[in-house]
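Peer 1: everything below, folded, please.
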Amino acid sequence: MIQYCKRCVMPNTKPDLFIDDQGICNACRNYEKRQVVDWDSRKKELHQVLERYRNKKGSNWDCIVPGSGGKDSSYQALKIKQLGMNPLIITSTTCDLSDLGRKNIENLKQQGFDYLELSANPVTRRKLNRIGLTQVGDISWPEHVAIFTSPVRLAVQLKIPLLIWGENSQNEYGGPATAAENNVLNRRWLEEFGGLLGLRVSDMIGLEGIQAKDLIPYTYPSDEELQSVGVTGLFLGYFIPWDGYSNVLYSQAFGLQTSPTVIEGSAVNYENMDNHQMGIHDYFKYLKFAFGRASDLVSLHIRRGRLTREDGMEMIRKLDGKFPWTYLGKPIEKILEPLEISIEEFIKICDRFTNKKLFVTDAKGNLVKDKKGNLQKINEDNI
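Peer 2: Have a look, this model is predicted:
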């Protein structure tokens, strides 16, 4: 039986999420701790850090903001600029960039930023998409590796020691206490929480003809290279109360565009708007752990008092874990076409990665699906 947090809607099947003897998950406990944080003190600490890294001569950028033009990175860039810094925004292009994602990138540039975009070799990327999907059930494996490695590589090469990241996902969504309280993103954090899923970048060499030189955008700099520049990455969410929804409101005032409808598999219209493959990525999380992106988002709003748990549960029953026939309006056939994977092959891959202990099966052990290919969890709540 799946156990759910009594306060939000997160299940105990989520990796690194723990539910205590009172039935409350560690993500909710982390949020409780934010109420007693001395945010004024944290903000002073942030000012001191930024002052230390500010380029007094104006001969180089003060810091790097890794950004996609979405709600959080737009907020990061705008906030850092508001604090008097001169950042360079670096984007690692998504695997299947949407029109809306491109509009938001162009909008952010127009707010007065220097900007650099790295688009990894699409031929290699498609191979990595296919390997990620078939070997670890994550089509977005190359994207999630590149967004954490490319900006750091460029930080070394451009000799810009400070990177400003957004939220610490281990604090926001639940994770080990030491990781949740961390305010620094480094190699150790990347290897444990950066989405590698046990598949190292070096493991790709030799697969589908991939060579080491093809993996440069995905390869983290050596310790010697990092030390030579003194590269460090900070989570802005450690210093400033982090709320994705308020980030949307703030960024919209500066031109951020959102989807006209709730995004497929999500519960909102304002995030993950830049990559058509994201629906498949989120769907595989549901197959493995019986919760999807809608559960994450609904839980964030419950913790902040914007939704009741009862309404949240109803929302995820309606929205979470639906078969990703489209994402941002693009049909799944078109999304899979560059990877040379048919719908039939995709469904077989889905079934291979589905945790049958978490979903209803028939007498022969086959997964029970409705007419649209949707699964049914063994239990929707703690009943």
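Peer 1: lowest-confidence helix or strand of this protein?
Peer 2: Lowest mean confidence among the helices and strands of the chain (mean pLDDT, DSSP states H and E): helix 177-180, at a mean of 50.
Peer 1: measure K159 to Q22 for me?
Peer 2: Look at K159 and Q22: by Cβ to Cβ, to the nearest Å, they are 50 Å apart. For the C-beta atoms, the positions are set from N, CA and C on the backbone; glycine is no exception.
Peer 1: swap in L162?
Peer 2: For L162, the distance to Q22 (Cβ to Cβ) stands at 40 Å.
Peer 1: between those two, who's got more neighbours?
Peer 2: For L162 versus Q22, the count of surrounding residues by other Cβ atoms under 10 Å is larger for L162: 25 against 8.
Peer 1: residue contacts, that one?
Peer 2: If you count contacts by Cβ atoms under 8 Å, 6 or more residues apart in numbering, L162 has them with V49, L50, Y53, D62, C63, I64, V231, T232, G233, L234.
Peer 1: how about the CA coordinates for the helix or strand containing the first one, as CSV?
Peer 2: Of the helices and strands defined by DSSP states H and E, V49 is found in helix 39-53. Once non-C-alpha atoms are left out, helix 39-53 reads as follows in CSV (Å, rounded to 0.1, in the frame of the first residue of the first chain):
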residue,chain,number,x,y,z
TRP,A,39,15.6,35.9,6.6
ASP,A,40,16.9,39.4,7.3
SER,A,41,20.2,37.7,8.5
ARG,A,42,20.3,35.5,5.4
LYS,A,43,19.8,38.5,3.1
LYS,A,44,22.7,40.3,4.8
GLU,A,45,24.7,37.2,4.3
LEU,A,46,23.8,37.2,0.6
HIS,A,47,24.9,40.8,0.2
GLN,A,48,28.2,39.9,1.8
VAL,A,49,28.7,37.0,-0.6
LEU,A,50,27.8,39.1,-3.7
GLU,A,51,30.1,41.9,-2.6
ARG,A,52,32.9,39.4,-2.3
TYR,A,53,32.4,38.2,-5.9
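Peer 1: hmm, who's touching that helix?
Peer 2: Residues contacting helix 39-53 (Cβ under 8 Å, 6+ apart): 62-63, 80, 83-85, 161-162, 234, 236, 238-241.
Peer 1: neighbour-wise, which of the residues you listed leads?
Peer 2: L162 (25 neighbours).
Peer 1: per-residue confidence for that residue?
Peer 2: The model reports L162 with a pLDDT of 95.
Peer 1: sorry, back to before: buried stuff in the helix holding V49?
Peer 2: Buried residues in helix 39-53, defined by neighbour count with 16 or more other Cβ atoms under 10 Å: L46, V49, L50, Y53.
Peer 1: just put the residues you listed in CSV and tack on distance to E208.
Peer 2: CSV is the format used below for the buried residues of helix 39-53 (distance: Cβ to Cβ, whole Å):
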residue, distance to E208
L46, 44
V49, 43
L50, 43
Y53, 41
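Peer 1: closest one of the residues you listed to G321?
Peer 2: Ranked by distance to G321 (Cβ to Cβ), the buried residues of helix 39-53 are led by L46 at 38.1 Å.
Peer 1: what are the ranges of the strands in the chain?
Peer 2: With strands called from DSSP state E, the chain shows them at 63-66, 87-92, 114-118, 162-165, 232-235, 326-327, 330-331.
Peer 1: lowest average pLDDT across those?
Peer 2: Per-stretch averages of pLDDT across those put strand 232-235 at the bottom, with a mean of 89.
Peer 1: now for it, which elements pack on it?
Peer 2: Where contact means 3 or more Cβ pairs under 8 Å, 6 or more residues apart in numbering; DSSP states H and E, strand 232-235 is packed against strand 162-165.
Peer 1: pLDDT of stretch 3-19, averaged?
Peer 2: Averaging pLDDT along stretch 3-19 gives 96.
Peer 1: ok, stretch 315-323 next?
Peer 2: If you average the pLDDT over stretch 315-323, you get 96.
Peer 1: ends of that stretch, what's the gap?
Peer 2: When the termini of stretch 315-323 are compared using Cα to Cα, to the nearest Å, they are 16 Å apart.
Peer 1: how far away from the center of its chain is it?
Peer 2: Distance, stretch centre to chain centre, for stretch 315-323: 19 Å (Cα atoms, centre = their mean, to the nearest Å).
Peer 1: just want the angle from the lengthiest helix in the chain to strand 114-118.
Peer 2: The residue-count maximum for a helix in the chain (DSSP state H) belongs to helix 141-158. Counting by axes from the mean of the first three to the mean of the last three Cα atoms, to 10 degrees, helix 141-158 lies at 130 degrees to strand 114-118.
Peer 1: the chain should start at 10 in everything you say after this.
Peer 2: Got it, the first residue is 10 from now on, which makes the last one we talked about helix 150-167.
Peer 1: may I see the buried residues of helix 150-167?
Peer 2: 150-165.
Peer 1: quick one: contacts for V377?
Peer 2: Listed by Cβ under 8 Å, 6+ apart, the contact partners of V377 are F368, V369, T370, D371, L384, Q385.
Peer 1: got CSV for the strands of the chain, with distance to M213 too?
Peer 2: Output for the strands of the chain, formatted as CSV (distance: least, Cβ to Cβ, whole Å):
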stretch, distance to M213
strand 72-75, 22
strand 96-101, 17
strand 123-127, 18
strand 171-174, 24
strand 241-244, 24
strand 335-336, 25
strand 339-340, 27
